[in-house]
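Asker: below: sequence and its predicted model.
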Amino acid sequence: MPRTRQTPPEPLTPPVVLPWEPQEGEDEEGRIYRAVFESVMNQRLQPGTKLPEHQLCELFGVNRSVVRKVLQRLAHDHIVQLRPNRGAIVAMPSIEETRQIFEARRGLEAVIVRLAATRVTKADVADLRRRLQAEHEAMHRADQPAWARLASSFHLKLGELSGNPILLRYLAEMISRCSLIVALYQPPGNASCEHDEHERIVDAIERGDGDTAVALMDQHLGELERHVAVRPEAPEPSLAALLGLG
């Protein structure tokens, strides 16, 4: 059962921020990073799409040094692939890589929800249910990008509730990589099922039922993986159009 927390919890520091979240005092490098990232997540940039440096310079009005730093960051976060002498392309996760990422995430989140079930408070549960309501509203107004961000933030919140900052940081990387795979390869239309699964996970955590929470999370992530259809193909539209700049 949820406990009543007497004193505010110590924050897990430094804070974990997902790549799509705007940063305070964001510079031009951060702005370009998010523009590319969001275009991938919104399925405007498909797997294998070329990202020529000179075009990015022209589109964003910056020099090659800035663009190269952005591409390095995107490559570090597995959003793009840097090919020697051929330039950058949007990442094309393979079937085997997809399997490995989901396998790692299932293991992480099993530990996380079990810990959360032992540590959650009434205030934590209320916060989780507010997040579920926001998911529900985004789903019913057919705002897929907003729903995807809220769903990812829900999982990150569970990571915070584990009380383990190391687990939380690994989870943030797995969420980012899974979100890329889902954005690239998952057909739309099953958000309501995933939302219902989130509700059942919260119910189990609220009861302090770690075993059920683990089983539900494993089922949830397994269903998410099964809906992914890896298809290595790239479209022909211009880079400006794909970035929503033309």
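Answerer: Nice, thanks for sending it over.

Asker: just checking, L243 touches L45?
Answerer: Yes: if you go by C-beta atoms under 8 Å, L243 and L45 touch, sitting 7.3 Å apart. The C-beta positions use only the backbone N, C-alpha and C, and glycine is treated the same way.

Asker: pLDDT below threshold where in this structure?
Answerer: Judged by pLDDT under 70, the chain has its weakly predicted residues at 1-25, 187-193, 230-237, 246.

Asker: where do the helices of it begin and end?
Answerer: Under the criterion DSSP state H, the chain carries helices at the ranges 28-41, 53-60, 64-76, 95-119, 122-140, 144-161, 165-185, 191-207, 210-226, 239-242.

Asker: of L243 and L45, which one has the most company?
Answerer: Shown here are L243 and L45; by other C-beta atoms under 10 Å, L45 has more neighbours (28 against 21).

Asker: so how far is Q186 from that one?
Answerer: When distance is defined by C-beta to C-beta, to the nearest Å, L45 is 15 Å away from Q186.

Asker: same question for L128.
Answerer: Here the distance between L128 and Q186 works out to 24 Å (C-beta to C-beta).

Asker: those two: which has the busier surroundings?
Answerer: L128 (22 against 17).

Asker: the more buried one - nearest residue in space that isn't next to it in sequence?
Answerer: Distance criterion C-beta to C-beta, 6 or more residues apart in numbering; nearest residue to L128, sequence neighbours excluded, is V202 at 4.9 Å.

Asker: then H155?
Answerer: With C-beta to C-beta, 6+ apart as the measure, I175 is the residue that lies nearest to H155, at 5.7 Å, once sequence neighbours are left out.

Asker: so what's in contact with L243 and L45 at the same time?
Answerer: Taking C-beta atoms under 8 Å, 6 or more residues apart in numbering as the criterion, L243 and L45 both touch V36, S39.

Asker: picking up where we left off before, any chance of TSV for the helices of the chain, columns distance to A88?
Answerer: Output for the helices of the chain, formatted as TSV (distance: least, C-beta to C-beta, whole Å):
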stretch	distance to A88
helix 28-41	10
helix 53-60	8
helix 64-76	5
helix 95-119	18
helix 122-140	31
helix 144-161	23
helix 165-185	15
helix 191-207	31
helix 210-226	27
helix 239-242	11
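
Asker: nearest to G87, of those helices?
Answerer: Go through the helices of the chain one by one with C-beta to C-beta and the one that ends up closest to G87 is helix 53-60, at 6.7 Å.

Asker: buried set for the closest one?
Answerer: Taking 16 or more other C-beta atoms under 10 Å as the basis for neighbour counts, the residues of helix 53-60 that come out buried are L56, C57, L59, F60.

Asker: give me the neighbour count for the closest residue in space to the last one that isn't next to it in sequence.
Answerer: I take that to be F60. If the residues on either side of it in the chain are set aside, F60 comes closest to I32, at 5.2 Å by C-beta to C-beta, 6+ apart. By the criterion of other C-beta under 10 Å, I32 has 24 neighbours.

Asker: kindly report the same for T212.
Answerer: Burial of T212 is recorded as 17 neighbouring residues (other C-beta under 10 Å).

Asker: once you drop chain neighbours, what's closest to it?
Answerer: Nearest to T212 is A204, by C-beta to C-beta, 6+ apart, at 4.1 Å.

Asker: pretty sure L132 contacts H195?
Answerer: Yes: in this structure L132 lies within contact range of H195 using C-beta under 8 Å: 7.1 Å.

Asker: distance of the closest residue to L245 other than its chain neighbours relative to Q100?
Answerer: Spatial nearest neighbour of L245, excluding adjacent residues (C-beta to C-beta, 6+ apart): L59 at 5.4 Å. Distance, L59 to Q100, by C-beta to C-beta: 34 Å.
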